[in-house]
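[1] Quick check, what structure comes out for this input:
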Amino acid sequence: MTTARTALIEAHGGPEMFRIVDREVGDPAPGEIRIRHAACGLNFIDVYQRSGLYPMQLPHALGMEAAGVIEAVGEGVTHLRIGDRAAYAAQPPGAYTQARVMPAAQVCPLPDDISFEEGAGMMLKGLTVQYLFHRTTPLKRGDIVLFHAAAGGVGLIACQWARSEGIKLIGTAGSDEKCALALEHGATHCVNYRAGDWVEKVRDLTDGHGVDVVMDAVGKDTFEGSLDCLRPLGMMISFGNASGPVPPLNIGVLGQKGSLKITRPTIFTHIARHENCQEMATMLFAKVTSGAVNIRIDQRFALDDVADAHRALEARQTTGSTVLTV
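    As a prediction, this is how the structure comes out:
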């Protein structure tokens, strides 16, 4: 039995709650694999779990995505073999580690021309973009999407994805530099929400008609404004809470604002079935290997520095993807 350095928390709270420990790693049971990580991805869901917004049974390791090499395969696993390169976004949390045993269903073979860091930095974010654009509401060439936090890890993938499909994406970001980054990656327009009334600017960019779909992972700070940016019969996709949870909603407001639709999806519903997860990953990998989507790794932290990585993420000091090297 081997050991693996692992970042875990024993109580909910701030980044200071992390402890780096050595944990034993056993052999996979039927339906499981053991993977040795080369890199692990960071996402805002990790912050929610650490803080207690999404409570967990503790102590627990954090992290929802990583990439590495398959070390052992349990009985019944047929899509992976020892020595395969692989990547995943999956439950349960536990990716902040050198190696782990986990269910195999959501672990995906990683193409040779995608690096481990790219794999670790793209799975949760890229599969999120895939379900937003292909599994949540019908989208077609020429449709207009408003995407908040367009310079973040999910946002930069979304900008490129939209461009590759002929969808017009209006982004928002918190600085002119971040707006420039979103435009560079395919956003049609990008609004600095710190510089004036961003709702009015989005309405102006659509000649007053509003956008077809809003994709919002910011939550509390942008929710009401997002509804005001939608055209009649438009769709609000609320898929995160970076600024805090959305307050309770009087559903009658949706009728008053134009018979709007709203949904609150999670990636884990969409990838729950093995077949769906592998199909979604295949589409994501094709976008990357074709050059339509480039995965930016803008921040790298050692596993021992995971607390600093969380501080940077919460302070919105990051762009693109952030990975832990193990």
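[2] who does the top helix by length along the chain touch, helix- and strand-wise?
    Assignment by DSSP state H gives helix 116-134 as the longest helix of the chain. Using 3 or more CB pairs under 8 Å, 6 or more residues apart in numbering; DSSP states H and E, the elements in contact with helix 116-134 are strand 32-41, strand 65-73, strand 85-89, helix 153-164, helix 267-270, helix 274-289, strand 297-302, strand 321-325. Heads up, the C-betas are built off the backbone N, CA and C, glycines and all.
[3] and residue 295, how many neighbours does it have?
    Neighbours of residue 295 under the rule other CB atoms under 10 Å: 24.
[4] if I look at it, how far off is residue 322?
    Using CB to CB, to the nearest Å, we find residue 295 at a distance of 12 Å from residue 322.
[5] Need the overlap of contacts for those two.
    Overlap of the contact sets of residue 295 and residue 322 (by CB atoms under 8 Å, 6 or more residues apart in numbering) consists of residue 121.
[6] I'd like the distance from the longest helix of the chain to the chain centre, please.
    In terms of CA atoms, centre = their mean, to the nearest Å, the centre of helix 116-134 is set 6 Å apart from its chain centre.
[7] coming back round to it: redo the helices and strands packed on helix 116-134 as JSON lines? Include mean pLDDT, mean neighbour count and distance to residue 261.
    Listed next are those as JSON lines, based on pLDDT from 0 to 100; neighbours: other CB atoms under 10 Å; distance: least, CB to CB, whole Å:
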{"stretch": "strand 32-41", "mean pLDDT": "98", "mean neighbour count": "25", "distance to residue 261": "31"}
{"stretch": "strand 65-73", "mean pLDDT": "98", "mean neighbour count": "23", "distance to residue 261": "29"}
{"stretch": "strand 85-89", "mean pLDDT": "98", "mean neighbour count": "26", "distance to residue 261": "26"}
{"stretch": "helix 153-164", "mean pLDDT": "96", "mean neighbour count": "26", "distance to residue 261": "20"}
{"stretch": "helix 267-270", "mean pLDDT": "96", "mean neighbour count": "18", "distance to residue 261": "17"}
{"stretch": "helix 274-289", "mean pLDDT": "98", "mean neighbour count": "18", "distance to residue 261": "22"}
{"stretch": "strand 297-302", "mean pLDDT": "95", "mean neighbour count": "16", "distance to residue 261": "34"}
{"stretch": "strand 321-325", "mean pLDDT": "94", "mean neighbour count": "24", "distance to residue 261": "30"}
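[8] Need the three-state assignment for residue 307.
    Using DSSP: H, G, I helix; E, B strand; the rest coil, the secondary structure recorded for residue 307 is helix.
[9] Next up, the contacts around the nearest residue to it once chain neighbours are set aside.
    Excluding its sequence neighbours, the residue lying closest to residue 307 (CB to CB, 6 or more residues apart in numbering) is residue 15, at 4.0 Å. Applying CB under 8 Å, 6+ apart, we find residue 15 in contact with 50, 306-308, 310-311, 314.
[10] go with 6 Å
    Going by CB atoms under 6 Å, 6 or more residues apart in numbering, residue 15 touches 307, 310-311.
[11] any idea how far residue 249 is from the closest residue to residue 230 other than its chain neighbours?
    On the basis of CB to CB, 6+ apart, the spatially nearest residue to residue 230 that is not a chain neighbour turns out to be residue 210, at 5.0 Å. Distance of residue 210 to residue 249, given as CB to CB: 19 Å.
[12] likewise residue 216?
    13 Å.
[13] follow-up on the earlier one: looking at the contacts of residue 15, state which has the most neighbours.
    Counting neighbours by other CB under 10 Å, residue 310 leads these with 25 neighbours.
[14] can you list contacts of the one helix or strand it maps to?
    Assigned by DSSP states H and E, residue 310 falls within helix 306-314. The contact list for helix 306-314 (CB under 6 Å, 6+ apart) reads 7, 15, 18, 42, 47, 301, 318, 322.
[15] now do 7 Å
    Here helix 306-314 makes contact (CB atoms under 7 Å, 6 or more residues apart in numbering) with 7, 15-16, 18, 42, 44, 47, 50, 96, 299, 301, 318, 322, 324.
[16] and residue 199, what element?
    Judged by DSSP H and E, residue 199 forms part of helix 198-205.
[17] which helices and strands sit right next to that helix?
    Here helix 198-205 touches strand 168-173, strand 189-192, helix 223-228, going by 3 or more CB pairs under 7 Å, 6 or more residues apart in numbering; DSSP states H and E.
[18] Arrange those in a markdown table, one row each, with distance to residue 238 and mean neighbour count as further columns.
    Shown next, in a markdown table, are those (distance: least, CB to CB, whole Å; neighbours: other CB atoms under 10 Å):
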| stretch | distance to residue 238 | mean neighbour count |
| --- | --- | --- |
| strand 168-173 | 15 | 27 |
| strand 189-192 | 19 | 22 |
| helix 223-228 | 7 | 20 |
